[in-house]
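Enquirer: Got a predicted structure plus its sequence, pasted below:
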Amino acid sequence: MEFPKKYDPKNFEKEMYAHWEKSWSFVPQDSTTWKSFYIPMPPPNVTASLHVGHSAMLTLEDIMTRYHRMKWDSTLLLPGTDHAWISTQVKVEQKLAAAGIDKSKLSREEFLSECWKWNTEFGGKIQDQFRKMWTSCDWTKEKFTLDDDMNKRVVKAFNMLYEKWLIYQGEYMVNYDPVLKTVVSDQEVIHKEEAWKLYYVTYFVAWSDNEVIVATTRPETILWDEAVAVHPKDKRYKKLLKAWKKLILPIVNKEIPLIADEMVDMEFGSGAVKITPAHDASDFEVGKRHDLPLNNIVIEKDGTMSSVAWIFAGQDFMTARENIVELLRSKGNLLKEVDHVSKVGYGERTWAKIETIISKQWFVQIDPIAKKVISGYKKKEFEILPKRYSKTFEDWIYNLKDWCISRQLQWGHQLPVWYTPEGEIIVAETVEAAQIKAWTWVILTQDPDVLDTWFSSALWPFATLWFDMWGGEQPELFQKFYPAQVLETGHDIIFFWVVRMLLFWYEFTDQTPFKTVYLHGLVRDKIGRKMSKSLWNGIDPLDMIDLYGTDALRMTLSIGNTAGNDLKFDEENVKNNQIFINKLWNASRFVDANINRTDFDFDSVHTTLKNNFDSLLIHEKWILSKLVELTNLVTESMENYSFSEAGQELYTFTKNSFCDYYIEEFKLTKESSKYGEEVIKFAMWVLLKLWHPYIPFVSEELYKKLWFKGDLIISSWPNLDLEADAEALKAHELFVDVVREVRKLRAENNIMPNKTIKLKIYAKNSNSEVLTEMIDLLSGILKSDETEIIDKKLTDPNLVYSVIKAWVEVYVDTANALDIGMEKARIKEQILDTKEYISILDKKLLNESFVRNAPKNLVHAEMKKKEQAKQKLEKLQEKQNSLK
């Protein structure tokens, strides 16, 4: 095959991916290990565009997938998309508005038709982009959460939970987004601290001269207070509580009870708080405990005052607040107002102020299901990585509230709930089934609400495998892959998705849906900021791929990306990784040019090297030993999800050990080595396999160009039946130390790279034997035309030397290697610069004001700098004298 001089990923990435897909490389094959490996890819919103966070997720998932595929486990990375209930509906509404169409005048069917048109036109964009990340998903099993079969499973799940009394309809306090016109969960509300006022309002005690001061931040709801609450242990109010006194509600002038409840914080304000059950979640719970009226709504969903708000009806709540405060002041009920910081809830999608209202909604009863998850967690049936997120998980699972699953939207899974004309509720999988349950022919009306999108997402790892869900025997796909070995996702959706999947699948299958939850961090910009449109610091992964290739981007997003920790993304790193890949490309070209172009038989070469290991040269034993260690480390790291560590070790080995040392050593011993060709081919074969999960395209391309058989993607993971040779590793370490020190001496003494040197190495015992055996390699690599191993230390002034370790010193003869004139000039210039630096320090240290007023540590630091500069000057002057 032609081997281009320059690495250019555009020459092969697209064609390579097409070849893999056409040859069914992504489809799970029967396992030779009797093991399976399944990752359900977190389904991105169908409205989304690929961002660098997606790319990091895909890279990590694909690394795991390719590793297990090469282990010959039956491997499945299952792709799909989420219908993005809110995002899609908003985008379609915007499109209709731009076309001058009033959405409210469309029927449900007409609006859904528009949604499907939009989904057909734009919905596949994210999957096209995912393909351009070249992830090895099994696209034949791709799913969309609104597919007919997926919808049937969602409906089935709802019915099963309802029949177990785990889904119910009830009136509860919920969060309402007035822009989206739907309820949203607590996790979809962002709380911001804002400067508000705390109002102290006088509530007079009925039939008494006493009064109770109530502190509130929401005087606009005072019109429908149902009680005033104090803590039962608050001594200030014990007499009033014992006397069962009632209070006069300001403005309205009706009597309301004074009640005791432990919810009250005695330190807040006056220790007395107003209770408006219809407009505050805590007040709602207090109202239930004390049998207060719950449904008197004074603020509507849109933030305006309701019809029962007297003269304030129709006003927005902020205007009503100002007017009510003024009225309280005029009536003498407003004692004072003080500045106060309140946490105000806003919708995470719209940034509209969230209204807390009582509404009839559908809920999943969480407590009995959560107990099953907690039991599995305690039995270690699943683990969370990194382990520090176990605490976050525990905080969620032990404190879950019932989950509101109904949403007032149209795009999504419509509730499988029907109502008779009399209001009877019928839950069924189809309208026909609902009609049968009604026992008589009546006109049934389906509930217009749709399910929370996380309801269908919670079914994802299970429903994507079982096509006839809960019907008949378990299908082969489910038996083979469930539960998933890994769920890889962001730590920011540990509640939204992870916890809910656990809840559903412990309920439906009595087992965990996945064995390991691997949580990745956020990808930030190079200075640690979150990427956002407002900061103009976002990165388009497709631009990076176009500039540097997929493999360079994958390296950047995996090496340095540790579980749960945020990754700082710098384009310079992508560029550097492309340079590294080019180095690997050139190393492969060198191997190709220096070996016989015949098919590589691993078993044969492996056996040859194993049987003749003692006959190999030291550097050949060393590189094979390093490969054994590297293979073991990478394999162990893969199993332990330490992908960054494995990648870093691969990078260091490839760049330093293989390219910088072994290839140079191979060049020098090619003619004299009996097994040199076998060693370098074997090393390259192993190296490409280890790199494949990280840089699949270039590794596959090089694998083919080096005449290795078959496709790398479905080849076996290296399992080396060789032992690392400790003596060879130690010997080569000494060799590297000598090379490093001599190169350092050359640089320090300004010996030009093209100049040869004379080298003497003092060594004793085994060190002498090792260096004697490697003397030709030392001479070649260090450009020494005369290398000698000696057993006595030298004191020749023409020799510069360095002590490496006990019993090993190197001496370089500079007499013929230096350009004496240039060196004298260089030393003279350094002496002048050092003297000037010492003079500057002297002036500072002779300044009495500086010495007296500056911090002692700063003065000592300057004195230390002067001492170091004087020592440097002495050495330079010694060097200058030796050159004379």
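Expert: Structure's in. What do you need? What you are looking at is a predicted structure, and each value in this text was computed from that prediction instead of being measured. Numbers count the residues shown, from 1 in each chain.
Enquirer: For residue 772, give me its contacts.
Expert: residue 789 (Cβ atoms under 8 Å, 6 or more residues apart in numbering). To be clear about C-beta, it is placed using only N, CA and C from the backbone, and glycine gets the same treatment.
Enquirer: cool, and the one 5 residues further on?
Expert: With Cβ under 8 Å, 6+ apart as the criterion, the residues that contact residue 777 are 619, 665, 668, 669, 735.
Enquirer: The same query, at a cut-off of 6 Å, please.
Expert: By Cβ atoms under 6 Å, 6 or more residues apart in numbering, the contact list for residue 777 reads 665, 668.
Enquirer: helix/strand/coil for it?
Expert: helix (DSSP: H, G, I helix; E, B strand; the rest coil).
Enquirer: Could you measure from it over to residue 732?
Expert: 10 Å (Cβ to Cβ, to the nearest Å).
Enquirer: for residue 744, same thing?
Expert: On the measure of Cβ to Cβ, residue 744 and residue 732 end up 18 Å apart.
Enquirer: per-residue pLDDT, the residue lying closest to residue 566 once chain neighbours are set aside?
Expert: The shortest distance from residue 566 to any non-neighbouring residue, by Cβ to Cβ, 6 or more residues apart in numbering, is to residue 521 (4.1 Å). In this prediction, residue 521 carries a pLDDT score of 85.
Enquirer: Pull the number of nearby residues for residue 483.
Expert: 18 (other Cβ atoms under 10 Å).
Enquirer: try the one 3 residues further on
Expert: A total of 21 residues lie near residue 486 under the criterion other Cβ under 10 Å.
Enquirer: and it, what does it touch?
Expert: Taking Cβ under 6 Å, 6+ apart as the test, what residue 486 contacts is 39, 516, 518.
Enquirer: Let's verify it: helix, strand, or coil?
Expert: Applying three-state DSSP: residue 486 is strand.
Enquirer: And the contacts of residue 486, which is closest to residue 309?
Expert: Nearest to residue 309 among these: residue 518, at 52.1 Å, using Cβ to Cβ.
Enquirer: So what sits opposite that closest one in the bridge?
Expert: Per DSSP bridges, the residues bridged to residue 518 are residue 385, residue 488.
Enquirer: what residues are up against it?
Expert: 385, 486, 488, 641.
Enquirer: Dump the residues you listed into TSV; add distance to residue 407 as well.
Expert: As requested, these are arranged in TSV below (distance: Cβ to Cβ, whole Å):
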residue	distance to residue 407
385	32
486	30
488	28
641	36
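Enquirer: now do the same end-to-end measure for stretch 400-408.
Expert: Stretch 400-408 stretches 23 Å from its first residue to its last (Cα to Cα, to the nearest Å).
Enquirer: Start the count at 36 instead of 1 going forward.
Expert: That works, and once the first residue is 36, the last one we named lands at stretch 435-443.
Enquirer: Return the residues in contact with residue 61.
Expert: Contacts of residue 61 (Cβ under 6 Å, 6+ apart): 171, 173.
Enquirer: Residue 779 and residue 767: which is more packed in?
Expert: Using other Cβ under 10 Å as the criterion, residue 779 and residue 767 rank with residue 767 on top: 25 against 12.
Enquirer: Residue 358 belongs to a strand?
Expert: No: residue state for residue 358 (three-state DSSP) corresponds to helix; a strand is not indicated.
Enquirer: distance of the closest residue to it other than its chain neighbours from residue 237?
Expert: In this structure, residue 358 finds its nearest non-sequential neighbour in residue 347, 6.1 Å apart by Cβ to Cβ, 6+ apart. The gap separating residue 347 from residue 237 is 20 Å, by Cβ to Cβ.
Enquirer: Test my guess that residue 310 contacts residue 317.
Expert: No: counting by Cβ atoms under 6 Å, residue 310 sits too far from residue 317 to count as a contact (8.8 Å).
Enquirer: So which of these two has more stuff around it?
Expert: residue 310 (25 against 16).
Enquirer: Ramachandran coordinates for the residue nearest to residue 917 when sequence neighbours are not counted?
Expert: Once flanking residues are discounted, residue 917 sits nearest to residue 832: 5.1 Å by Cβ to Cβ, 6+ apart. Per-residue torsions, residue 832: phi -70, psi -20 (degrees, to the nearest 10).
Enquirer: buried set for the longest helix along the chain?
Expert: Criterion DSSP state H: the longest helix present in the chain is helix 891-918. Within helix 891-918, the residues scored as buried using 16 or more other Cβ atoms under 10 Å are 894, 897, 900, 901, 904, 907, 908, 911, 914, 918.
Enquirer: Alright, I will stop here.
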